[in-house]
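>>> here are the coordinates; sequence isn't available:
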Ligand SMILES: Nc1ncnc2c1ncn2[C@@H]1O[C@H](COP(=O)(O)OP(=O)(O)OP(=O)(O)O)[C@@H](O)[C@H]1O
Ligand SMILES: [Mg+2]
C-alpha cells in the first residue's frame with residue numbers, strides 16, 4: 001500500500017490495554033478509498049468496523065500504521081491542527097443521530113459553526129443559514145426546519161444529521177450504521193439519499209453497515225472479521 005491514493009489506511013494496528021492484557025482490535029488494515037466512490041465496510045459485531053472508521057476520520061489514533069489523505073500523513077498531525085484538519089476533510093453521520101434535543105433542525109445543522117467559529121471564517125452567518133435551509137429543503141425537510149428532534153421521525157432525524165455533516169463541504173462523508181436505527185423504508189430512503197449525493201456531487205462516502213443491501217451498488221465492498229479485512233471486492 002502506498003500513500004499515493006486519496007484516503008489510505010496503511011498497515012493500521014489498534015490495541016487496547018486492559019489491565020495487563022492487551023486486546024488486538026485491528027491487525028494490519030490496508031485500504032484505499034478512491035475519490036468520488038462509495039466504499040462499504042461490512043462485518044459482524046465486534047469486527048472492528050467502528051474503530052477503523054474512527055481512525056480513518058481522525059477521531060482515534062492507531063497504535064501503529066497511519067492514515068494518509070492525498071499523500072499527507074494524517075496520523076502525525078499536531079493536536080492543534082488536528083481538529084481543523086478533521087473538520088475540513090470529514091463529515092460524520094452516526095447511528096443515533098447525535099442531535100441536540102433542545103434545538104430545532106436548522107439550529108442543529110448550524111451548531112458546528114457556533115461551536116467551532118474559526119473553521120467557518122470564509123462564509124457569513126447569513127450565507128451559512130441560507131446554505132443550511134437549502135440543504136434541508138434538498139433532503140425533503142423544507143417543512144420541518146423548526147421541528148425539534150422529538151418532533152421528527154428517525155429517518156428525518158438522520159436527514160438532519162446528514163445535512164449537518166455536509167455543511168462543511170467535507171471531502172469525505174463517514175457513516176457508521178446510518179440506517180441501523182431505522183425501519184426498512186426509512187433505511188432505504190437514507191440509502192437513496194446518500195447514493196444521490198454521491199451521483200450528483202461526487203461526494204466520497206465510507207459506510208460501515210450490517211445492511212447487505214448497501215453492498216450491491218457500492219464501488220468497493222470490504223468485509224472485516226476479527227480486526228482484519230477478509231474479503232474485498234471492487235465493482
Ligand atoms: N475503548 C475500548 N477499549 C477496549 N476495547 C474496545 C474499545 N473500543 C472497542 N473495543 C473492542 O474492540 C472491538 C471492535 O469494536 P468496534 O466497535 O470497532 O466493533 P464494530 O465492528 O463496530 O461492532 P458493531 O457492529 O457492534 O458496532 C470489540 O471487541 C470491542 O469490544
Ligand atoms: Mg460499530
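That came through fine. Keep in mind the model is a prediction, meaning the values are calculated, not measured. Ligands and ions are numbered 1, 2, ... in the order given.

>>> only C-alpha atoms for contact and neighbour calcs from this point on.
Will do.

>>> tell me the residues of this protein that contact ligand 1?
For the chain, the residues in contact with ligand 1 (CA under 6 Å from any ligand atom) are 16, 25, 44-51.

>>> ranges for the strands of this protein?
Along the chain, the stretches classed as strands by DSSP state E are 7-18, 21-33, 38-43, 64-69, 72-73, 90-93, 172-176, 204-208, 220-225, 228-234.

>>> who touches the third one?
Contacts made with strand 38-43 from outside it, assessed by CA atoms under 8 Å, 6 or more residues apart in numbering, are listed as 33, 49, 198, 204-212, 214-215, 218-225.

>>> also the last one?
Where contact means CA under 8 Å, 6+ apart, the residues beyond strand 228-234 that reach it are 26-29, 47, 219-224.

>>> closest to ligand 1 among those?
The shortest approach to ligand 1 among those belongs to residue 47, at 3.9 Å (CA to the nearest ligand atom).

>>> just how off-centre is stretch 99-108 within its chain?
20 Å (CA atoms, centre = their mean, to the nearest Å).

>>> pLDDT on that stretch, on average?
Averaging pLDDT along stretch 99-108 gives 96.

>>> for the residue lying closest to residue 73 once chain neighbours are set aside, give me its contacts.
Using CA to CA, 6 or more residues apart in numbering and skipping residues adjacent in sequence, the residue nearest residue 73 is residue 67, 5.9 Å away. Counting by CA under 8 Å, 6+ apart, residue 67 touches 7-10, 12, 55-56, 73-75.

>>> want to throw these into a markdown table with distance to residue 96 and pLDDT?
Formatted as a markdown table, the contacts of residue 67 follow (distance: CA to CA, whole Å; pLDDT from 0 to 100):
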| residue | distance to residue 96 | pLDDT |
| --- | --- | --- |
| 7 | 26 | 97 |
| 8 | 27 | 96 |
| 9 | 26 | 97 |
| 10 | 29 | 96 |
| 12 | 27 | 97 |
| 55 | 19 | 96 |
| 56 | 20 | 96 |
| 73 | 30 | 91 |
| 74 | 27 | 89 |
| 75 | 27 | 81 |
